[in-house]
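K.L.:
Got a sequence here, can you model it:
(2 chains)
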Amino acid sequence: MSETALVGVKDVSVEFKIRQGFIDEFIRRKKKVVRAVDNISFDIAPGEILSLVGESGSGKTTTGRALLSLVRSTAGNVYFHGGDIGLLKGKQVRDFRKKAQMIFQDPYQSLNPRFNVFEIVTEPLLFNEHKNADRAVKEEMAVKALEFAGLRPGIEYLYRYPHELSGGQRQRVSIATCFIMSPELIVADEPVSMLDASVRANILKLFVGMKDEKNAAILFITHDLSLAWLISDRIAIMYLGKIVEIGPADIIAGSCMHPYSQALTSVLAMVGEERRRPRIILKGETPSPMNIPEGCRFHPRCPAVCDLCRKEEPTLKEVQPGHSVMCHYPGKM
Amino acid sequence: MPLLEVSDLKTYFKISRGEIKAVDGVSFTVDSGEALGLVGESGCGKTTTALSVIKLLPENARVAGGKIVFNGRDITALKDDDLYDFRWAEASMVFQGAMNALNPVKRVSDQIMEALFLHKKGMTKKDGLARVKELFELVELNPSMIHCYPHEFSGGMRQRAVIAMALALSPKLVIGDEPTTALDVMVQAQIIDLINSLRAKLGMALIMITHDLSVITELCDKTAVMYAGKIVEMGSTVEVTTSYLHPYTEKLITAFPNIYKERRMVDSIPGDPPDLFEPPKGCRFAERCHVKIGDVCECEEPVLTDITGKGHYAACHKLTGGGAYV
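P.N.:
Have a look, this model is predicted:
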C-alpha cells in the first residue's frame, strides 16, 4: 500500500460456503467453497476514482463489500488510513462506517418506501454528533445534501416519498444520504445501470464532484467499460475473482494488454462511429467460480493460449509504472 | 409493398383518471428482410408500439386509431380467433428477460413444441423434436440439451433458446424487445452476432426495441427515435447516428461515451418527459429543448418531415422553419 493511499486492499480473498443437501451433510462430505474474490490487492488515494469492471460473477461487488467490511474476508487485510479494519472493535467500527459509505444499484429497492426523503436522508445522522440536533438543523443539513445531489430546491423534496420520485431522483436521494455523512470513502455499486442514458450523465458528475470537491476516494463498480473510462482515474478489470489488469483509464481503454481486457474493449460499439478494431468475441461464458480452471483461469477462453498458460497461473506483473497485467504473454494478441 | 406498414398508430392505456396516450400517431414501414431499430428511453412507447403490432397489448390498452397492415392484410381489428395464422407464424417476439419468458417447470423442448403443435395440426412428436433439434443447431445450442429445464441453461443460452422459440415457425418478422439488455457484454456480443447471422441465413425482417444505441448500430438498417409516444427522427441508422437532426437525438447520442474521442462529460437533458395523460399541445420535447426557436415550439406540433429529401425524417420546427428563427 502506497503512503498516499486512503484505503488499501492487500491479498484479500473472500470465500462463500455452499449450502449442501441433507445427504452430503449426513455423510459429512467436505463443504464446497466458492472463492468469489481471490487474492487481490489494490489501493485508492483520496480524490481518486478507481473503477472495477467485470462481468456478472467476477467478484466486483464482493470486493466492494469486503472493502467496507460488509462481508468478512477469509484472507488478507483491508487498510483504512493505515489501520487494519479487520481489527476494529465496537465504536471504532461505527466510526469507520461513518467515513465509508455505499451506494447501491437499484434505487427502487434501496430506499425504504415508508420513509419520506427527510427521514431517509437524515437517518445516518442518528449515528453521529448530530444525533440530538434540532429538527431545523437536520432539515437544513438535508436540504444542503439534496441540493448537492442536484435536487433543487431541496426543501421541495423533503417530504416526498420514494414512490413520488423518478429513478434518477431516487438515486440522487441515495447519493444525498451518502453525502450527508461527508464520507472519505464511497463504494458505488453500479449506481447508474438502472437509469436512462440521458439522466446518467448528471449522476456521474456528482461522483466526479465528490471526488474533486470533497476529496473522497471512490470505488466505482460497473460492467460498462466505457462509463468506467469516462469517470475514473484508474480501471481494474476483474475476471473470476482476480484482477487481471489494472492501470490508468486511458491505457486500459486504449491499449490494454490482457487478452480478456482486449476482448472487452474490442466489442464496445461506439454510436455513430466505424469500428476501429476487429471484434474479438470470446467463446462460451465465464466458468463457474466453483470450478476455476487450472493454470491461468482465462486460458480455456483465451484466443492466444499457450502451453505455459494451461500449467501455471500467472501473477500480476507491472508492465510499465502504474499498469499491471496478469498474463504470461501480455500484449501478445 | 412493405411487409409491415404502420400508419398513425395510437395506443392508449386506461387508468383510473383517464387515458394515457402511450403511443400517439406513430407511422413507419418495414420491408421484408429489413431491420428497424426503435430507440428511446423508458416510457417513450417503444414497447407499446411493438405490442400493438403483434397484438399482445394488456387488457387496459386499446388501439385508439391508425392502421397496421401486415403482408397486405389489415390486422388492426383482428380478434384473437383470427390471429392464429398471424401471431407467431408470421410475426413473433423475443422478450427481454429470458428467464421470465421461459416456463421454469417445463422442459425447453416441450415449450418450443407447444408453439409448433398449436400451429401445425397433425405434427407428430417425432417431427416436433426434430424441428427443435434443428432450431437448437440454428441458434448454436447443443442439440443434446433440448430436454433440459431452463435453470440448467446459463443466461446467454436461455436467450438463445428464446430466440429459437421465436423462429420455430419461420416467421417473416421477429420483434426483439431489449433481447440483449440483461446480458453480460461478451454474451451480448455473441447474441448480436447470432441475430446478424440468422438474418443473413433466414432473411426475416426485424424490429429491434432498445434503449441502447450501440445495439442498433450493430443490428439495424433503419432507426426510429421515439420520444413521449411519437417518432421524432427516422432514417438510415448511419444517418441518424452520424448526422442526427433532432435535438433529442443529439442529446441521446452524445450521452453515450465514445472511447475514441476526448473524455468529456455531457449534460443530462434537464427535466422529465411530459405526462402522457395530458401531453403538451406543441412539440413534446419543447420544455427540455436546448434549441427551441420560440412560441411555435410550444403551440404547434411539428410534423415528421423528410428533411434531406432522401428519407431522413425529423419532427422539429427549427428544421422546417416553422417560425421566426432567433
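K.L.:
Check whether B:P179 really touches B:Q188, as I assumed.
P.N.:
No - counting by C-beta atoms under 8 Å, B:P179 does not reach B:Q188; the two are 9.3 Å apart. (Each C-beta comes from the backbone N, C-alpha and C, glycine too.)
K.L.:
Between the two, tell me which one has more neighbours.
P.N.:
B:P179 (29 against 23; other C-beta atoms under 10 Å in any protein chain shown).
K.L.:
Now do the same contact list for the residue lying closest to that one once chain neighbours are set aside.
P.N.:
Excluding its sequence neighbours, the residue lying closest to B:P179 (C-beta to C-beta, 6 or more residues apart in numbering or on different chains) is B:V94, at 4.6 Å. Taking C-beta atoms under 8 Å, 6 or more residues apart in numbering or on different chains, we find B:V94 in contact with B:101, B:159, B:162-163, B:166, B:174-177, B:179.
K.L.:
Would you reformat those as CSV and include distance to B:K318?
P.N.:
Converted to CSV, the contacts of B:V94 look like this (distance: C-beta to C-beta, whole Å):
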residue, distance to B:K318
B:A101, 42
B:Q159, 41
B:V162, 42
B:I163, 41
B:A166, 40
B:V174, 36
B:I175, 33
B:G176, 33
B:D177, 32
B:P179, 35
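K.L.:
ok, so of those, who is nearest B:E5?
P.N.:
Ranked by distance to B:E5 (C-beta to C-beta), those are led by B:I175 at 15.2 Å.
K.L.:
ok, now which ones touch A:L111?
P.N.:
Contacts of A:L111 (C-beta under 8 Å, 6+ apart): A:120, A:162, A:170, A:173-174.
K.L.:
how about the residues you listed in TSV, adding distance to chain B and neighbour count?
P.N.:
Formatted as TSV, the contacts of A:L111 follow (distance: C-beta to the nearest C-beta, whole Å; neighbours: other C-beta atoms under 10 Å in any protein chain shown):
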residue	distance to chain B	neighbour count
A:I120	21	20
A:P162	16	21
A:R170	13	23
A:V173	15	23
A:S174	17	25
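K.L.:
Now intersect those residues with the helices, please.
P.N.:
A:120, A:170, A:173-174 (DSSP state H).
K.L.:
Please identify which pair of those lies farthest apart.
P.N.:
A:I120 and A:R170 (9.6 Å).
K.L.:
so what sits against both of those two?
P.N.:
Shared contacts of A:I120 and A:R170 (C-beta under 8 Å, 6+ apart): A:111, A:162.
K.L.:
is the most centrally placed residue in chain A in a bridge, and if so with what?
P.N.:
The centre of chain A sits closest to A:I221, judged by C-alpha atoms, centre = their mean, with a distance of 3.0 Å. Counting by DSSP bridges, A:I221 forms beta bridges with A:L52, A:D189.
K.L.:
Tell me the one among the ones in helices among the contacts of A:L111 nearest to B:K21.
P.N.:
Distance to B:K21 across those (C-beta to C-beta) is lowest for A:R170, with 25.5 Å.
K.L.:
Please name the nearest non-neighbouring residue to the closest one.
P.N.:
A:P107 (3.5 Å).
K.L.:
go on, B:A255?
P.N.:
B:A255's closest residue in space is A:A197 (C-beta to C-beta, 6+ apart), at 4.2 Å.
K.L.:
show me the contacts for that neighbour.
P.N.:
With C-beta under 8 Å, 6+ apart, A:A197 has these contacts: B:41, B:211-213, B:252, B:255-256.
K.L.:
where does the chain dip in pLDDT?
P.N.:
Here I'm looking at chain A. A:1-3 (pLDDT under 70).
K.L.:
not quite, I wanted chain B
P.N.:
Those would be B:98-99, B:322-326, if you go by pLDDT under 70 across chain B.
K.L.:
And stretch B:200-217, what's buried?
P.N.:
If you call a residue buried by 16 or more other C-beta atoms under 10 Å in any protein chain shown, then stretch B:200-217 has these buried ones: B:204-217.
K.L.:
next one: stretch A:58-70
P.N.:
Neighbour counts over stretch A:58-70 (16+ other C-beta under 10 Å) mark A:58-69 as buried.
K.L.:
Sticking with residue 29, tell me its helix or strand.
P.N.:
If you meant another chain, say so; for now it's chain A. For A:R29, there is no host helix or strand (DSSP states H and E).
K.L.:
nope, chain B please
P.N.:
strand B:18-30.
K.L.:
now stretch A:104-113: how far from the chain's centre is it?
P.N.:
How far stretch A:104-113 lies from its chain's middle: 17 Å, per C-alpha atoms, centre = their mean, to the nearest Å.
K.L.:
end to end, how far does that stretch reach?
P.N.:
By C-alpha to C-alpha, to the nearest Å, the extent of stretch A:104-113 from end to end equals 16 Å.
K.L.:
Tell me which residues of it come out buried.
P.N.:
Buried, per 16+ other C-beta under 10 Å, within stretch A:104-113: A:104-107, A:110-111.
K.L.:
With stretch A:146-161 instead?
P.N.:
Quick answer for stretch A:146-161 (16+ other C-beta under 10 Å): A:146, A:148-151, A:154, A:157-158.
K.L.:
Among those residues, which one sits closest to chain B?
P.N.:
Using C-beta to the nearest C-beta, A:G150 is the member of these that lies nearest chain B, at 9.1 Å.
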